[in-house]
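*Asks:* Need coordinates for the below:
(chains A and B)
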There are 2 protein chains.
Amino acid sequence: MSVDKKPVSLITIEPKVLSIDAMGGDLGAAVVVAGMNIFFKQNQDVKFIVHGDGAELEQLLSKYPDLPKHCEVRHCDEVVGMTDKPSHVMRHGKNTSMWSCIDAVRNKQAEVAVSCGNTGALMAVSMIRLRKAPGVNRPAIAILWPSENPQGHNVMLDVGADIRAEASDLLQYALMGASYARNGLNVKRPRIGLLNVGTEDHKGRIELQEANERITEQAENANFEFVGFVEGGDIPSDRVDVIVTDGFTGNVALKTAEGTATFMRELLRDAFKQTPFSMFGAMLAYGALRRLSMRIDPRRSNGGVFLGLNGTVVKSHGGADASGIASAIDLAYQLAKNGFTAKLAARVANGSGIGNDNNIKD
Amino acid sequence: MSVDKKPVSLITIEPKVLSIDAMGGDLGAAVVVAGMNIFFKQNQDVKFIVHGDGAELEQLLSKYPDLPKHCEVRHCDEVVGMTDKPSHVMRHGKNTSMWSCIDAVRNKQAEVAVSCGNTGALMAVSMIRLRKAPGVNRPAIAILWPSENPQGHNVMLDVGADIRAEASDLLQYALMGASYARNGLNVKRPRIGLLNVGTEDHKGRIELQEANERITEQAENANFEFVGFVEGGDIPSDRVDVIVTDGFTGNVALKTAEGTATFMRELLRDAFKQTPFSMFGAMLAYGALRRLSMRIDPRRSNGGVFLGLNGTVVKSHGGADASGIASAIDLAYQLAKNGFTAKLAARVANGSGIGNDNNIKD
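*Replies:* Below you'll find the model as predicted:
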């Protein structure tokens, strides 16, 4: 490559390397490769290590003129199915594309991994191959939640990595969530809320009251604003940027919101079918309604992130289409570019009292 | 009253007596009295004991020709405010309309109480004046949740009476919820689901696994169908009629769904404003959209019910309008007509092993 005819940069910028599990999504490898190409057209500062059926991937990549030069294909004989048990994959999954995808991060060949595979299996493989970061007791899954705030999304964690969380875990979720909001959503000083059944200090379980005190103490040092207890109704609001909760409550809240959104969409569709007037009205408003539908579909805010491991893993929705895959890859790229894994580790180590750098800002 | 000119009934039907707290709602006593009148126009088989400012109530009732004959007004000097602490009301609330309203049920003068007041205070006053029913460890708040099933609503409990629930409490919620669905929603053999983060038997906390076994054992005897674990997305579905959970999770789920519905309504409104086409479309579809809005507003399914006390209390939403009040009164009437309080007590006593009647069917 000749750089003579381009503006010369004084800093050598190496392309970011992302590890992509091309198999295991509901729509197959073709959609994953199409998603890679959508991202690639916007941003060529990237290399992909792509895991899956070698012959199929070579053939799919050959459809795109420039993409193959940025890809290294790693053939894997096996694929993790959507119904495979995590325990089975942990014991017998060494030849799967998911395992190979995570190992590229483990071996420092790639910075962030992206997979559309089975969430439980991906979490299990990530745990045993990457291991928990120093000082982390319970890793968490953080997701993006469509909201009224300027960046359009709030972060919520944990949404299901672990059904339990002690006060110390909730404090770590606050630290990890703040770091993620800074590096993934570009929110400089995130507002953190602790999910509870009321906003008064005496509300909720004992571990929430203890976490409330401990997060308050850490807020200044960890460079976030702690807004205290928030309620379910605040999750899509502009009061917070990060919602901290245990994985049981977070998982129920997420699925309840998805269920509510689906139910409302069905009612809306039925409402429009009621009269010729409303049918004509729906036709006129089609574009607006389609944008609304995109905005509220939690799957469109594509990319759950596993936090608290020695490496960052982005979980794309299993049913994501090419643009959904592209948005998960974009999230992975942002996190890689910002050196998120190292920053998160420093932040947790510091907040847990095992680090010695009080000046980290990210 | 002369019955000679009416068809003669062989059974003497006494009018049901409901105790109504006319104060404490956001919109004042006028809206409560208007709601009573809406119900009364549909159904004259009722007597109201109305609690609040005597002069104001007499004046409000005098606007309606027939209603006053069915009302007994009980003057109370004080009103519980929306921000009054439950502990304060418990100690100093004897002269409030809320207290008087609950006492009419305690004294067996009315069968069911209805109030729009402060939920925490109403629960507290209900607890100390009515006391827990024999065999009940933790009373629960049950709400109606708009759903895809034929009756249009599912029941969910507990949504916030208590933040804790052991396996034995969850079993009682299943028994109470089934009885409520039969007597309040007329579902003969309700389908009960236990809220969890997955549907496999090994999922979730230990008390959920124990409750799963204990509810399974009771299903046949208590005349309900147990569908096992359900997830957040099932709450508005046609898979279940009753969702059982602890008050912490239930409260978060309820508020998350309300927040999601509000957020979607705002996005929908914005979407319609985007172009002249979409604005015209929205005008044409106005009626359909308004019906949708009514259908999904959780406040329209008006009437949380306190279960597990020696008496039944219906909590109307504080901001309910006259038709919302009428629907809460209608729910109270259905429960009174079906002798719900006694049936629930028998059901819980039987399910808890302290009753001796295996043949109760309600």
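*Asks:* Tell me the residues of the stretch 251-362 of chain A that contact chain B?
*Replies:* Contact residues, the stretch 251-362 of chain A versus chain B (CB under 8 Å from any CB of the partner chain): A:251-264, A:266-268, A:271-272, A:274-275, A:277-278, A:280-289, A:291-292, A:295-296. Every residue, glycine included, has its C-beta placed from N, CA and C.
*Asks:* from the residues you listed, which ones fall inside helices?
*Replies:* Among those, the members found in helices (DSSP state H) are A:251-264, A:266-268, A:271-272, A:277-278, A:280-284, A:286-289, A:291-292, A:295-296.
*Asks:* Can you give me the neighbour number for A:E213?
*Replies:* Counted with other CB atoms under 10 Å in any protein chain shown, residues neighbouring A:E213 total 11.
*Asks:* Poorly predicted segments of the stretch 51-200 of chain A, please.
*Replies:* By pLDDT under 70, the stretch 51-200 of chain A has no low-scoring segment.
*Asks:* Looking from chain B, tell me which residue of it is nearest.
*Replies:* A:V197 (4.3 Å; CB to the nearest CB).
*Asks:* which non-adjacent residue is nearest that residue?
*Replies:* B:N251 (4.3 Å; CB to CB, 6 or more residues apart in numbering or on different chains).
*Asks:* And for A:V240?
*Replies:* A:G193 (3.9 Å).
*Asks:* what ranges do the strands span in the stretch 51-200 of chain A?
*Replies:* A:71-75, A:112-115, A:140-146, A:153-157, A:191-195 (DSSP state E, counting those that start in this stretch).
*Asks:* per-domain residue ranges of chain A.
*Replies:* A:1-132+A:308-338, A:137-305 (automatic domain parsing).
*Asks:* Nearest to B:Y333, out of those?
*Replies:* The closest of the domains of chain A to B:Y333 is domain A:137-305. By CB to CB, the value is 27.7 Å.
*Asks:* Buried ones among the residues of the stretch 251-362 of chain A next to chain B?
*Replies:* Among these, those scoring as buried are A:251-264, A:267-268, A:271-272, A:277-278, A:281-282, A:284-285, A:288-289, A:292, A:295-296 (criterion: 16 or more other CB atoms under 10 Å in any protein chain shown).
*Asks:* where in the stretch 251-362 of chain A is pLDDT low?
*Replies:* Residue ranges of the stretch 251-362 of chain A with pLDDT under 70: A:292-302, A:352-362.
*Asks:* What separation do you get for A:I38 and B:N95?
*Replies:* As for A:I38, its distance to B:N95 is 68 Å (criterion: CB to CB, to the nearest Å).
*Asks:* higher neighbour count, these two?
*Replies:* In this view A:I38 and B:N95 are compared by other CB under 10 Å, and A:I38 has more residues nearby, 16 against 11.
*Asks:* I'd say that one and A:A326 touch.
*Replies:* Yes: the criterion here is CB atoms under 8 Å, and A:I38 meets it with A:A326 at 3.8 Å.
*Asks:* what about the residue nearest to A:V240, how many neighbours?
*Replies:* For A:G193, using other CB under 10 Å, the count is 28.
*Asks:* I'd like the distance between it and A:A222.
*Replies:* Distance from A:G193 to A:A222, by CB to CB: 15 Å.
*Asks:* wait, does stretch A:135-143 contact chain B?
*Replies:* No: residues of stretch A:135-143 contacting chain B under CB under 8 Å from any CB: none, with a closest distance of 11.6 Å.
*Asks:* What are the buried residues along that stretch?
*Replies:* For stretch A:135-143, burial by neighbour count (16+ other CB under 10 Å) applies to A:135-136, A:138-143.
*Asks:* what about the closest residue in space to A:E266 that isn't next to it in sequence, how many residues close to it?
*Replies:* If the residues on either side of it in the chain are set aside, A:E266 comes closest to B:E148, at 7.6 Å by CB to CB, 6+ apart. Using other CB under 10 Å, B:E148 has 14 other residues around it.
*Asks:* what does the stretch 51-200 of chain A put close to chain B?
*Replies:* Contact residues (CB under 8 Å from any CB) of the stretch 51-200 of chain A with chain B: A:146-148, A:160, A:163-164, A:195, A:197.
*Asks:* Walking through chain A, point out its helices one by one.
*Replies:* A:29-42, A:54-61, A:86-92, A:97-106, A:119-130, A:167-184, A:206-218, A:247-272, A:276-284, A:286-296, A:322-337, A:340-351.
*Asks:* Who are the packing partners of the last one?
*Replies:* Where contact means 3 or more CB pairs under 8 Å, 6 or more residues apart in numbering or on different chains; DSSP states H and E, helix A:340-351 is packed against helix A:167-184, strand A:312-315.
*Asks:* and it, how far out from the chain's middle?
*Replies:* 17 Å (CA atoms, centre = their mean, to the nearest Å).
*Asks:* who's in contact with it?
*Replies:* A:111-112, A:133-136, A:171-172, A:175-176, A:178-180, A:183-184, A:218, A:221-222, A:307-308, A:310-312, A:335, A:355-358, A:360, A:362 (CB atoms under 8 Å, 6 or more residues apart in numbering or on different chains).
*Asks:* Could you turn the buried ones of those residues into a ChimeraX selection?
*Replies:* Entered in ChimeraX, the line below selects the buried ones among those, by 16+ other CB under 10 Å:
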select /A:111,112,133,135,136,171,172,175,176,178,179,180,183,184,218,222,307,308,310,311,312,335,355,360,362
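*Asks:* bridging residues for A:L195?
*Replies:* With DSSP bridges as the criterion, A:L195 is bridged to A:V230.
*Asks:* got the contact list for the nearest residue to A:L157 once chain neighbours are set aside?
*Replies:* The spatial neighbour of A:L157 that comes closest, neighbours along the chain excluded (CB to CB, 6+ apart), is A:A142 at 3.8 Å. Contacts for A:A142 (CB under 8 Å, 6+ apart) come out as A:155-159, A:176-177, A:180, A:304-305, A:307.
*Asks:* Relative to B:A104, which of the residues you listed is nearest.
*Replies:* A:M156 (44.7 Å).
*Asks:* Can you get me a residue count around that closest one?
*Replies:* Neighbour tally, A:M156, other CB under 10 Å: 28.
*Asks:* does it have beta-bridge partners, and which?
*Replies:* Beta-bridge partners, per DSSP bridges, of A:M156: A:I143, A:I243.
*Asks:* do you know how far it is from A:Q109?
*Replies:* In terms of CB to CB, A:M156 sits 31 Å off from A:Q109.
*Asks:* Distance to A:M90 for the helices and strands packed on helix A:340-351 - can I get that in TSV?
*Replies:* Output for those, formatted as TSV (distance: least, CB to CB, whole Å):
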stretch	distance to A:M90
helix A:167-184	23
strand A:312-315	15
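*Asks:* What is the neighbour count of A:C116?
*Replies:* Look at A:C116: counted by other CB under 10 Å, it has 32 neighbours.
*Asks:* circling back: can I get the buried residues of stretch A:135-143 in CSV with distance to A:V80?
*Replies:* Shown next, in CSV, are the buried residues of stretch A:135-143 (distance: CB to CB, whole Å):
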residue, distance to A:V80
A:G135, 30
A:V136, 24
A:R138, 23
A:P139, 19
A:A140, 22
A:I141, 17
A:A142, 22
A:I143, 21
